[in-house]
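Chemist: Predicted structure and sequence below. I'll ask about it afterward.
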Amino acid sequence: MGHLILHNATLIDGTGADPRPGTAVEVKDGRIVDVGAAAKTSARGDAKVIDLEGCFLLPGFTDAHVHLALTEANGAPTQPWAEWAARVTSFLGQALDQGFTTVRDAGALDPAWARVVEKGIVRGPRLLPGGAFISQTGGHGDWRASYQQADPVQPIPGLFAGYVLADGADNVRRAVREELRRGATQIKVMASGGVASPTDPIDATQFTLDELRAAVDEATTRGTYVLAHAYHPKSIAQCLEAGVRSVEHGNLLDEETAAMMAKAGAFLVPTLITYDVLAEGGAGLGFSSYQLQKLNQVWKAGEEAVRIAKAAGVRIGSGSDLLGPAMALKARELVIKARILSPMEAIVSATKTNAELFGMADQIGTVEEGKLADLTIFDRDPLADPETLADAARVRLVVKSGEVVVVG
């Protein structure tokens with residue numbers, strides 16, 4: 001649709017401002033051209049008018065931490081590659097149906113997928129690809145078991161990026177340059193231990209300061225940034241010193257380090273839903289007792305980390321970090337955040353704040369004139385009932401770049 005008027009909805013514009021009932025949003029050539037009172041709006045020229053009385057119009061949701069390439073619940077793909085590609089395609093479409101119009105892949109998906117989506121060959125949200133995630137040997141991104149020498153999963157150029165092991169600043173620099181060459185829009189590094197990795201403790205500090213600085217310097221040279229998997233204060237502090245923009249997870253954050261984050265202007269991207277999912281089914285997914293022990297170290301701490309970050313004035317974004325079929329639950333991240341923060345703050349985290357993190361605040365994240373028409377419309381008030389945010393059956397419409405892509 002080249003010209004569209006979304007008429008008579010209650011607007012929740014993503015800025016944190018109070019809802020505005022009786023609002024009309026006019027869209028032309030993919031952008032929002034007018035936001036005003038529905039009573040003053042009538043059909044204009046060739047505009048298609050959609051009556052949204054009783055509905056709630058929000059910016060399109062964004063997810064700052066997805067792993068579309070990890071199509072199985074316990075991580076690395078093992079199915080035939082044709083089936084794997086079909087699953088990736090399915091997960092992309094599913095995200096759009098949930099109201100997500102932009103997602104940032106946090107590692108393992110080849111950037112070619114972003115071009116496939118952009119061309120309309122595959123249906124899905126706008127995709128910001130990270131390419132291969134970069135890990136030190138034995139770090140969170142090293143998928144080898146202790147008895148393995150060879151990498152268990154090899155990348156497939158143009159399809160599956162996997163991970164890169166890099167030790168020393170020069171090797172990290174080279175790895176970053178290679179991922180940027182392949183089309184990554186940001187760089188993901190593993191800066192601490194993790195739950196799913198087979199050999200590293202959760203409190204391991206990974207990469208040296210020089211290695212992290214090399215990654216940040218190269219990303220900055222190309223006008224982009226580094227996001228870092230990091231759980232504990234020592235690792236987070238080192239990332240901040242290196243100039244990392246986005247701290248992923250951060251479950252063990254303390255007050256002192258949160259103050260450092262706020263001063264540096266860094267973002268925290270919590271991924272609370274993934275720990276709930278793993279806690280419910282980790283043993284059944286084949287997780288070892290060691291991995292489950294690490295999960296218990298960080299699971300409930302994540303909610304307190306969000307409270308600490310808010311109190312310190314840290315900018316809090318929104319991610320999910322779900323694998324395989326659990327990706328269907330990504331919007332539950334907003335329901336959890338609504339309990340810890342507020343429903344409005346949860347919405348802002350997944351719209352305005354994420355857009356600022358992506359460097360796309362002039363394009364997406366709020367419903368304002370001149371921005372891309374990325375919109376999600378619910379038939380129930382998500383502020384009164386935050387469960388609405390995770391109920392795809394309540395999605396009435398999704399608009400991406402001015403085109404209606406979901407009709408509920």
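Modeler: In hand now; what should we look at?

Chemist: switch to C-alpha atoms for all contacts and neighbour counts from now on
Modeler: Will do.

Chemist: Not including adjacent chain positions, what is the nearest residue to Trp143?
Modeler: Ser197 (6.3 Å; Cα to Cα, 6 or more residues apart in numbering).

Chemist: which residues touch that neighbour?
Modeler: Gly139, His140, Gly141, Asp142, Trp143, Gln291 (Cα atoms under 8 Å, 6 or more residues apart in numbering).

Chemist: For the stretch 101-250 of the chain, which residues score under the pLDDT cut-off?
Modeler: Nowhere does the stretch 101-250 of the chain drop to pLDDT under 70.

Chemist: As a check, name the ranges of all helices in it.
Modeler: 112-118, 169-181, 209-221, 233-242 (DSSP state H, counting those that start in this stretch).

Chemist: want to throw these into CSV with mean neighbour count?
Modeler: Shown next, in CSV, are those (neighbours: other Cα atoms under 10 Å):
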stretch, mean neighbour count
helix 112-118, 17
helix 169-181, 19
helix 209-221, 20
helix 233-242, 22
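
Chemist: Turn those helices into TSV, including distance to Glu304.
Modeler: Formatted as TSV, the helices of the stretch 101-250 of the chain follow (distance: least, Cα to Cα, whole Å):
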stretch	distance to Glu304
helix 112-118	35
helix 169-181	33
helix 209-221	27
helix 233-242	14
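
Chemist: Nearest approach to Ile12 belongs to which of the ones you listed?
Modeler: helix 112-118 (27.1 Å; Cα to Cα).

Chemist: still on that earlier bit, counting neighbours, which of the contacts of Ser197 end up buried?
Modeler: Neighbour counting with 16 or more other Cα atoms under 10 Å marks Gly139, His140, Gly141, Asp142, Trp143, Gln291 as buried within the contacts of Ser197.

Chemist: Please produce JSON lines containing these, extended by distance to Met360.
Modeler: Listed next are the buried ones among the contacts of Ser197 as JSON lines, based on distance: Cα to Cα, whole Å:
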{"residue": "Gly139", "distance to Met360": "31"}
{"residue": "His140", "distance to Met360": "29"}
{"residue": "Gly141", "distance to Met360": "28"}
{"residue": "Asp142", "distance to Met360": "31"}
{"residue": "Trp143", "distance to Met360": "33"}
{"residue": "Gln291", "distance to Met360": "36"}
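
Chemist: what's the closest of the residues you listed to Arg182?
Modeler: The closest of these, once distances to Arg182 are taken by Cα to Cα, is Gly141, at 19.1 Å.

Chemist: Strands of the stretch 1-150 of the chain, residue ranges please.
Modeler: 3-11, 20-28, 31-37, 48-51, 56-59, 61-66, 100-105, 126-128, 133-135 (DSSP state E, counting those that start in this stretch).

Chemist: how about the fifth one as PDB, C-alpha atoms only?
Modeler: Going back to what we said before, that points to strand 56-59. Listed next in PDB are the C-alpha coordinates belonging to strand 56-59 (Å, rounded to 0.1, in the frame of the first residue of the first chain):
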ATOM      1  CA  PHE A  56      -3.800   0.200  20.400                       C
ATOM      2  CA  LEU A  57      -1.200   1.300  17.900                       C
ATOM      3  CA  LEU A  58       2.500   1.000  18.900                       C
ATOM      4  CA  PRO A  59       5.800   1.200  17.100                       C
END
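
Chemist: Any idea how many residues pack against Arg104?
Modeler: Arg104 has 23 neighbours, counted by other Cα atoms under 10 Å.
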